[in-house]
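Visitor: let's see this in three dimensions:
(one chain, ligands or ions: 2)
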Amino acid sequence: MEKLGVHRDALQPMSVRGFLESWDPSAIPGMDRGSVDNEKAMLQTFSSEMGIPVDTLQELNIVCGESTLKCNNEPKLSEMFQTVPADVNLMSLKMQQEELERRQQSTTYNTFIKRSMRMKKCDFLMNFSPNAVKTNEENCPKEFRVHHPDVVITVHIHQPNNAQLGFNMKLALDQTILVLGGEKLTDLRDKITCVNDLALAGDLSENPDFTPEHYAKDIYKSGFFYIEGCFFNDLRDSSAHDYSQIIIDWAKDPDRNIGPMQTASMADTSFLDLTLRLGQPYVYMHQGDCEHLIVFSDIRILNHQDPQDIRDYPLVTHKRLKNQTKCRVCQMHASRWMAYNSEHSPENPSFFCEQCFRALHYDQFGKKIGSFQAFRYFDSSAVI
Ligand SMILES: [Zn+2]
Ligand SMILES: [Zn+2]
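Guide: Ligands and ions are numbered 1, 2, ... in the order given. Here you go, the predicted model:
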């Protein structure tokens, strides 16, 4: 029987430190060495381990390399879907042909398809090509170099789980981040971006020129990760609340059959101290009730193709590209105001850019017209 709350695809709990300690560096010779000239050294080590001369190894490398997987005159991936061979009688190809013709005939349809197929996320790992990693490593001062051996853990952060969305809520992936085993959980927390951290609280309709000095993240600093029955609370700031206590008290009721739950300090726990299940959804909570699912999807040994500068970690490798919330009036500019009970829109709340908001809701002396409430609005595309 499945354990309560364990995702069906999740692996057994594993200790991150145990994983690192079970690693035998001699399994892949040269991995613990620096990348300078390490290819030659690695070949030498392989050669003596396998009892094969170096030039035979190099030949094997070419004969069994990726380049041999390609045929002659193979079309490019982008061209492959544009030309349908005439001599193949397959239903899938027939439909592909029809689809291509439909796109050719209608520009509107073609634009719609292109838009819906647009990349929805940005790949930052492209900045870390093997050559860039090598240059960075050579230029990186010694004190900032990563320590070997260590592990790299892939963490997926999902968009906030907004309870108002109900059953149809989208748990879209927001960020993918690589963390090192030696890093603290707070390092990961500081790298997570969420639109709710940038909120400016309060109805500003009486005085739209007033700009509150602080974002929500500057005022409300509490937060926790919930991983394998333990709340890791961020109590670095003296004003931070222990969010976990109220949940622990609630779970004490034996009828709920939940728990026991522990607590620990987020700032004092490194990823090596964790026991986790790959594939199991855990929780990151902040700003009172902003909940994100987080999933650890992979754990592996740090190698020399990874960025070697410790300041690059936690490393954001992917980030979801966000659509701007456009002003409902001009449909051109990004929304900067969210108004409730505005008589200029059938929606509630409704969204306005700076210019349209001012033009519709205030007279020439800047006096408020009508009764409405207005809040500064940052849509998710505003989060950098
Ligand atoms: Zn959030
Ligand atoms: Zn506008």
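
Visitor: in this structure, where is pLDDT below threshold?
Guide: 1-4, 26-38, 118-132, 134-135, 161-170, 201, 322-323, 379-384 (pLDDT under 70).

Visitor: which parts of it sit against ligand 1?
Guide: 160, 194, 196, 290 (Cβ under 5 Å from the ion). All C-beta atoms are positioned from the backbone trio N, CA, C, and that covers glycine.

Visitor: between these, which has the most around it?
Guide: Among those, residue 160 has the most neighbours (other Cβ atoms under 10 Å), with 23 neighbours.

Visitor: ok, the nearest residue to it once chain neighbours are set aside - contacts?
Guide: Counting by Cβ to Cβ, 6 or more residues apart in numbering, residue 160 lies nearest to residue 290, which is 4.9 Å off, once chain neighbours are set aside. Shown in contact with residue 290 (Cβ atoms under 8 Å, 6 or more residues apart in numbering): 160, 194, 196.

Visitor: check those one by one and keep those near ligand 2.
Guide: Okay, of the contacts of residue 290, nothing touches ligand 2 (Cβ under 5 Å from the ion).

Visitor: would a markdown table of those residues with distance to residue 179 and secondary structure be doable?
Guide: Putting the contacts of residue 290 into a markdown table (distance: Cβ to Cβ, whole Å; DSSP: H, G, I helix; E, B strand; the rest coil) gives the following:
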| residue | distance to residue 179 | secondary structure |
| --- | --- | --- |
| 160 | 21 | strand |
| 194 | 17 | coil |
| 196 | 22 | helix |
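
Visitor: out of those residues, which is nearest to ligand 1?
Guide: Nearest to ligand 1 among the contacts of residue 290, counting by Cβ to the ion, is residue 194 at 3.1 Å.

Visitor: against ligand 2, how distant is that closest one?
Guide: Using Cβ to the ion, to the nearest Å, residue 194 is found at 26 Å from ligand 2.

Visitor: OK, contacts around that residue?
Guide: Residues in contact with residue 194 (Cβ under 8 Å, 6+ apart) are 160, 286, 287, 290, 292, 383.

Visitor: need these in TSV with secondary structure, can you?
Guide: Formatted as TSV, the contacts of residue 194 follow (DSSP: H, G, I helix; E, B strand; the rest coil):
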residue	secondary structure
160	strand
286	strand
287	coil
290	strand
292	strand
383	coil
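
Visitor: what's the lengthiest helix in the chain packed up against?
Guide: In the chain, with assignment by DSSP state H, the single longest helix is helix 91-105. Helix 91-105 sits against helix 107-116, with contacts defined as 3 or more Cβ pairs under 8 Å, 6 or more residues apart in numbering; DSSP states H and E.

Visitor: list the contacts of the helix it packs on.
Guide: 102, 103, 104.

Visitor: quick one: work out the angle between it and helix 91-105.
Guide: Interaxial angle of helix 107-116 relative to helix 91-105 (axes from the mean of the first three to the mean of the last three Cα atoms, to 10 degrees): 120 degrees.

Visitor: need the CA coordinates for helix 107-116. PDB is fine.
Guide: Extracted C-alpha coordinates of helix 107-116, given in PDB (Å, rounded to 0.1, in the frame of the first residue of the first chain):
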ATOM      1  CA  THR A 107      -2.000  34.000 -41.900                       C
ATOM      2  CA  THR A 108      -4.100  34.400 -38.800                       C
ATOM      3  CA  TYR A 109      -4.000  30.700 -38.100                       C
ATOM      4  CA  ASN A 110      -0.200  30.600 -38.800                       C
ATOM      5  CA  THR A 111       0.400  33.400 -36.300                       C
ATOM      6  CA  PHE A 112      -1.800  31.600 -33.700                       C
ATOM      7  CA  ILE A 113       0.200  28.400 -34.100                       C
ATOM      8  CA  LYS A 114       3.500  30.100 -33.900                       C
ATOM      9  CA  ARG A 115       2.400  31.900 -30.800                       C
ATOM     10  CA  SER A 116       1.200  28.800 -29.000                       C
END
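
Visitor: buried residues in it?
Guide: By neighbour count on 16 or more other Cβ atoms under 10 Å, the buried set for helix 107-116 is empty.

Visitor: what's the answer for stretch 197-206, then?
Guide: Buried, per 16+ other Cβ under 10 Å, within stretch 197-206: 197, 198, 199, 200, 204, 205.
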